[in-house]
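Undergrad: pasting the sequence and the predicted model now:
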Amino acid sequence: MRPGERSPVSSQEAEALAADALAYLAGDMEHLGRFLALAGIGPGELRDAAGEPGFLLGVLEFYMGHEALLLAFCEARGLRPTAIAIARHQLDDQGRAEAGLDE
(Lines give C-alpha, C1' and ligand atoms only; values in the text may rest on other atoms or scores of the structure.)
Protein backbone atom coordinates (compact mmCIF):
# COMPACT_ATOMS: atom_id res chain seq x y z
CA MET A 1 0.00 0.00 0.00
CA ARG A 2 1.08 3.53 -0.68
CA PRO A 3 1.24 6.21 2.03
CA GLY A 4 -2.19 7.67 2.69
CA GLU A 5 -3.97 4.69 1.15
CA ARG A 6 -6.62 3.00 3.30
CA SER A 7 -6.20 -0.68 4.17
CA PRO A 8 -8.91 -3.08 2.97
CA VAL A 9 -9.24 -4.32 6.58
CA SER A 10 -9.58 -2.36 9.80
CA SER A 11 -7.15 -2.69 12.67
CA GLN A 12 -9.86 -4.49 14.64
CA GLU A 13 -10.42 -7.00 11.83
CA ALA A 14 -6.68 -7.59 11.55
CA GLU A 15 -6.41 -8.13 15.31
CA ALA A 16 -9.37 -10.52 15.26
CA LEU A 17 -7.81 -12.54 12.45
CA ALA A 18 -4.48 -12.69 14.28
CA ALA A 19 -6.22 -13.75 17.51
CA ASP A 20 -8.01 -16.50 15.58
CA ALA A 21 -4.69 -17.55 14.08
CA LEU A 22 -3.22 -17.73 17.59
CA ALA A 23 -6.13 -19.88 18.77
CA TYR A 24 -5.64 -22.18 15.79
CA LEU A 25 -1.91 -22.35 16.53
CA ALA A 26 -2.67 -23.36 20.12
CA GLY A 27 -4.24 -26.54 18.75
CA ASP A 28 -1.03 -27.56 16.93
CA MET A 29 1.51 -28.52 19.58
CA GLU A 30 4.42 -28.89 17.16
CA HIS A 31 4.04 -25.45 15.63
CA LEU A 32 3.02 -23.89 18.95
CA GLY A 33 6.22 -25.13 20.58
CA ARG A 34 8.30 -23.68 17.77
CA PHE A 35 6.43 -20.37 17.97
CA LEU A 36 6.84 -20.12 21.75
CA ALA A 37 10.56 -20.85 21.45
CA LEU A 38 10.97 -18.11 18.84
CA ALA A 39 8.91 -15.70 20.93
CA GLY A 40 10.95 -16.53 24.02
CA ILE A 41 7.93 -17.27 26.20
CA GLY A 42 6.44 -20.27 27.91
CA PRO A 43 2.91 -21.65 27.53
CA GLY A 44 1.82 -20.01 30.78
CA GLU A 45 2.82 -16.58 29.46
CA LEU A 46 0.93 -16.87 26.19
CA ARG A 47 -2.30 -15.20 27.31
CA ASP A 48 -0.50 -12.18 28.79
CA ALA A 49 1.82 -11.89 25.79
CA ALA A 50 -1.14 -11.84 23.41
CA GLY A 51 -2.08 -8.44 24.80
CA GLU A 52 1.36 -6.94 24.21
CA PRO A 53 1.85 -4.54 21.29
CA GLY A 54 3.30 -6.32 18.31
CA PHE A 55 2.61 -9.83 19.55
CA LEU A 56 -0.27 -10.49 17.16
CA LEU A 57 1.87 -9.12 14.34
CA GLY A 58 4.44 -11.74 15.29
CA VAL A 59 1.79 -14.45 15.12
CA LEU A 60 0.97 -13.51 11.52
CA GLU A 61 4.65 -13.28 10.62
CA PHE A 62 5.11 -16.79 12.00
CA TYR A 63 2.34 -18.05 9.73
CA MET A 64 3.87 -16.31 6.75
CA GLY A 65 7.13 -18.13 7.42
CA HIS A 66 5.46 -21.56 7.62
CA GLU A 67 3.63 -22.23 4.39
CA ALA A 68 2.05 -25.54 5.40
CA LEU A 69 0.61 -23.99 8.57
CA LEU A 70 -0.56 -20.91 6.65
CA LEU A 71 -2.34 -23.00 4.04
CA ALA A 72 -3.93 -25.30 6.64
CA PHE A 73 -5.25 -22.33 8.63
CA CYS A 74 -6.56 -20.59 5.52
CA GLU A 75 -8.28 -23.74 4.32
CA ALA A 76 -9.86 -24.33 7.74
CA ARG A 77 -11.16 -20.75 7.84
CA GLY A 78 -12.08 -20.36 4.17
CA LEU A 79 -9.53 -17.58 3.69
CA ARG A 80 -7.08 -16.73 0.96
CA PRO A 81 -3.45 -16.62 2.13
CA THR A 82 -3.32 -12.99 1.04
CA ALA A 83 -5.76 -12.19 3.87
CA ILE A 84 -2.97 -13.00 6.32
CA ALA A 85 -0.53 -10.73 4.49
CA ILE A 86 -3.05 -7.88 4.41
CA ALA A 87 -3.81 -8.25 8.13
CA ARG A 88 -0.08 -8.40 8.91
CA HIS A 89 0.50 -5.22 6.94
CA GLN A 90 -2.38 -3.48 8.76
CA LEU A 91 -1.02 -4.45 12.18
CA ASP A 92 2.45 -3.26 11.17
CA ASP A 93 1.04 0.08 9.99
CA GLN A 94 -0.93 0.39 13.24
CA GLY A 95 2.18 -0.29 15.32
CA ARG A 96 4.23 2.21 13.36
CA ALA A 97 1.54 4.86 13.76
CA GLU A 98 1.27 4.23 17.50
CA ALA A 99 5.06 4.50 17.80
CA GLY A 100 5.02 7.80 15.90
CA LEU A 101 6.93 6.34 12.97
CA ASP A 102 4.19 6.99 10.45
CA GLU A 103 5.01 9.81 8.06
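TA: The structure has been received and is ready for your questions.

Undergrad: who's in contact with stretch 36-48?
TA: With Cβ atoms under 8 Å, 6 or more residues apart in numbering as the contact definition, stretch 36-48 has outside contacts at 22, 26, 32, 49, 55, 58, 62. Backbone N, C-alpha and C define where each C-beta goes, glycine included.

Undergrad: tell me the spacing between the third one and Glu75.
TA: This points to Leu32. Here the criterion is Cβ to Cβ, to the nearest Å. By it, Leu32 lies 19 Å from Glu75.

Undergrad: look at these two and report which has more neighbours.
TA: Neighbours per residue, other Cβ atoms under 10 Å: of Leu32 and Glu75, the larger number sits with Leu32, 17 against 10.

Undergrad: which intervals of the protein have sub-threshold pLDDT?
TA: In the predicted model, the chain carries pLDDT under 70 at residues 1-7, 102-103.

Undergrad: helices of this structure, start to end?
TA: For the chain, the helices defined by DSSP state H occupy 11-26, 29-39, 46-49, 55-64, 67-77, 81-98.

Undergrad: for the residue nearest in space to the middle of the chain, which non-adjacent residue is closest in space?
TA: Among the residues of the chain, the smallest C-alpha distance to the mean C-alpha position (Cα atoms, centre = their mean) belongs to Leu60, namely 2.7 Å. In space, and not counting its chain neighbours, Leu60 is closest to Arg88: 4.0 Å by Cβ to Cβ, 6 or more residues apart in numbering.

Undergrad: brilliant, that's me finished.
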